[in-house]
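[1] Everything below, folded, please.
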Amino acid sequence: MIRTTLTEALTAAVKAQDKRRMSTLRLITAALKDRDIDARGNGKGPLSDDEIFGLLAKMIKQRQESATIYADNGRPELAAQEREEIDIIASFLPQQLGEDEAKAAIAAVVAEIGAAGMKDMGKVMAVLKERFGGRMDFGKASGWVKAALG
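    Numbering: from 1, shown residues only. Presented below is the predicted three-dimensional model:
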């Protein structure tokens with residue numbers, strides 16, 4: 001389970017006095033606790049591994065956007081810090097699907113649910129996020145789904 005892996009990694013980072021890894025793992029842990037509290041408030045249980053992978057992917061995307069902004073505004077040290085956090089977070093994600101694998105998965109889902117046009121894009125994306133959360137770049141997948149449905 002990914003929670004156990006994250007907890008063990010945080011313990012190891014604390015023992016090794018790795019400040020960057022320690023702070024990044026604490027950010028992940030805090031985000032998980034926030035999401036768990038929200039889920040509990042809505043009558044749901046703790047996050048599943050796929051939902052955690054989705055959260056990690058979202059955290060990576062936020063840091064990529066921040067790194068770009070920092071780099072554009074002449075703050076290379078902050079951009080480098082964001083990239084280090086991206087590397088740490090990405091180390092906990094499962095292997096990402098390649099373009100060919102993602103397109104094959106999209107074609108299979110489109111065929112499975114009988115998607116006929118752009119009106120079914122939301123359904124296709126929902127199934128993909130359920131099955132491939134954290135393993136697929138949904139920014140790119142969106143374009144591939146449009147191409148498959150168009």
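
[2] Let me see the contact set for residue 52.
    Neighbour list for residue 52: 2, 3, 32, 134 [criterion: CB atoms under 8 Å, 6 or more residues apart in numbering]. Where you see a C-beta, it was placed from the backbone N, CA and C, and this is true even at glycine.

[3] Name the SS class of it, please.
    helix (DSSP: H, G, I helix; E, B strand; the rest coil).

[4] May I have the predicted confidence score for it?
    Residue 52 carries a pLDDT value of 89.

[5] mean confidence for stretch 106-122?
    Mean predicted confidence for stretch 106-122 is 89.

[6] distance between it and the chain's centre?
    23 Å (CA atoms, centre = their mean, to the nearest Å).

[7] Columns secondary structure on top of the contacts of residue 52, output as JSON lines?
    Below are the contacts of residue 52 laid out as JSON lines (three-state DSSP):
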{"residue": "2", "secondary structure": "helix"}
{"residue": "3", "secondary structure": "helix"}
{"residue": "32", "secondary structure": "helix"}
{"residue": "134", "secondary structure": "coil"}
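
[8] now the residue nearest to the spatial centre of the chain, nearest residue through space, not along the chain?
    Nearest residue to the geometric centre of the chain (CA atoms, centre = their mean): residue 57, 1.5 Å. Ranked by CB to CB, 6 or more residues apart in numbering and with sequence neighbours excluded, the top spatial neighbour of residue 57 is residue 134, at 5.1 Å.

[9] Secondary structure element for the residue lying farthest from the centre of the chain, which one?
    Relative to the mean C-alpha coordinate of the chain, counting by CA atoms, centre = their mean, the farthest residue is residue 116 (28.2 Å). Element membership for residue 116 (DSSP states H and E) is empty, with no helix or strand holding it.

[10] Residue 45 now?
    Judged by DSSP H and E, residue 45 forms part of no helix or strand.

[11] And the residue nearest to residue 57, how close does it get to residue 72?
    28 Å (CB to CB, to the nearest Å).

[12] Compare these two (neighbour count), which wins?
    residue 134 (22 against 9; other CB atoms under 10 Å).

[13] Measure how buried residue 102 is and give me the count.
    21.

[14] which residue packs closest to it, ignoring adjacent ones?
    Leaving out its chain neighbours, residue 102 is closest to residue 136 (CB to CB, 6+ apart), at 5.5 Å.
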